[in-house]
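Participant: this one's structure only:
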């Protein structure tokens, strides 16, 4: 992966952080940001080092969706070459990649940015963050998979309400409806996020990656077929060195040391 102009992508140990990095536009999406985000996430998907991926925004905004100043001006045609249909599969990458994905919502989250957040496994937010589906406000039906992901997170009726009425709602309201897992005070957000990421990062790699894949597989299978798959994988994992180490560490009351095998 080369240098990026609209995002930052960093790996620290087994944690990747993708920061949407256009703070002058509150991290509004452009065609180039679509391409760069897709490229970075595609790399993360195939990187065995990455166990956890955090998606967040630079400054005090997560992502308000498309940068409408950009798309209504000449810049939109200048970077049309950056826009390809596969770039709109960003929420699919977030949802299906082996790593556990966390949307760290540190400010306004709307439109396509909201779709990206809903593609993640977990969403956390600052107390000041605000959410909005927003698409109908600008006369579009939307993109980034919301009619697929949002009903699974908040229920079909609530998803339709949020989409059709486009009313802003707070981080605490998002938590109450089950969309957001944790809401932290703004000044404690980064410390609490790090603690969450560290906890996930300390899990046995085979186990946490398989658990993620279980949730993805279960969405496509009958319960009977899934239980057969789960059982076969469980038998393999319990024979792994990491699981045997975890069993011994539990009995010996110590912290296990995992090797990823």
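Facilitator: Yes, it's here. These numbers were taken from a predicted model, which means no experiment stands behind them.

Participant: where do the helices sit along the stretch 1-150 of the chain?
Facilitator: For the stretch 1-150 of the chain, applying DSSP state H, counting those that start in this stretch gives helices covering 31-45, 68-71, 75-78, 90-96, 111-119, 146-154.

Participant: pLDDT on the first one, on average?
Facilitator: Here helix 31-45 scores 96 as its mean pLDDT.

Participant: that one relative to helix 111-119, how many degrees between them?
Facilitator: Counting by axes from the mean of the first three to the mean of the last three CA atoms, to 10 degrees, helix 31-45 lies at 10 degrees to helix 111-119.

Participant: show me what helix 31-45 is in contact with.
Facilitator: Helix 31-45 is contacted from outside by 1, 4-7, 9, 16, 18, 20, 22, 50, 53, 76, 79-80, 82-84, 86-90, 93-94, 96-99, using CB atoms under 8 Å, 6 or more residues apart in numbering. C-betas here are computed from N, CA, C, even on glycine.

Participant: just the buried residues of these.
Facilitator: By neighbour count, with 16 or more other CB atoms under 10 Å, the contacts of helix 31-45 hold 4, 6-7, 9, 16, 18, 20, 22, 50, 53, 76, 82, 87-90, 93-94, 96-99 as buried.

Participant: out of those, list just those in strands.
Facilitator: Mapping the buried ones among the contacts of helix 31-45 onto strands (DSSP state E) picks out 7, 9, 16, 18, 20, 53.

Participant: so how many other residues sit close to the closest residue to the second one other than its chain neighbours?
Facilitator: In other words, residue 9. In this structure, residue 9 finds its nearest non-sequential neighbour in residue 40, 4.3 Å apart by CB to CB, 6 or more residues apart in numbering. Residues near residue 40, counting by other CB atoms under 10 Å, number 22.

Participant: equivalent analysis for residue 72, please.
Facilitator: Going by other CB under 10 Å, the residues that sit close to residue 72 add up to 10.

Participant: per-residue pLDDT of the residue positioned nearest the centre of the chain, please?
Facilitator: Centrality entry for the chain: nearest residue to the mean C-alpha point is residue 120, 2.8 Å, by CA atoms, centre = their mean. You'll see residue 120 listed with a pLDDT of 98.

Participant: next one: phi and psi at it?
Facilitator: Main-chain dihedrals, residue 120, degrees, to the nearest 10: phi -80, psi 160.

Participant: where along the stretch 151-261 of the chain do the strands fall?
Facilitator: 169-170, 182-184 (DSSP state E, counting those that start in this stretch).

Participant: show me how the record splits this structure into domains.
Facilitator: As assigned by automatic domain parsing, the chain contains the domains 7-201, 205-252.

Participant: what's around the nearest residue to residue 17 once chain neighbours are set aside, how many residues?
Facilitator: Distance criterion CB to CB, 6+ apart; nearest residue to residue 17, sequence neighbours excluded, is residue 54 at 4.6 Å. Neighbourhood size, residue 54 [other CB under 10 Å]: 23.

Participant: ranking helices and strands of the chain by mean pLDDT, which lands last?
Facilitator: The helix or strand of the chain with the lowest confidence, counting by mean pLDDT, DSSP states H and E, is helix 75-78 at a mean of 59.

Participant: which regions of the stretch 51-200 of the chain sit below the pLDDT cut-off?
Facilitator: Along the stretch 51-200 of the chain, the parts satisfying pLDDT under 70 run over 73-82.

Participant: one more time with 80
Facilitator: 72-83 (pLDDT under 80).
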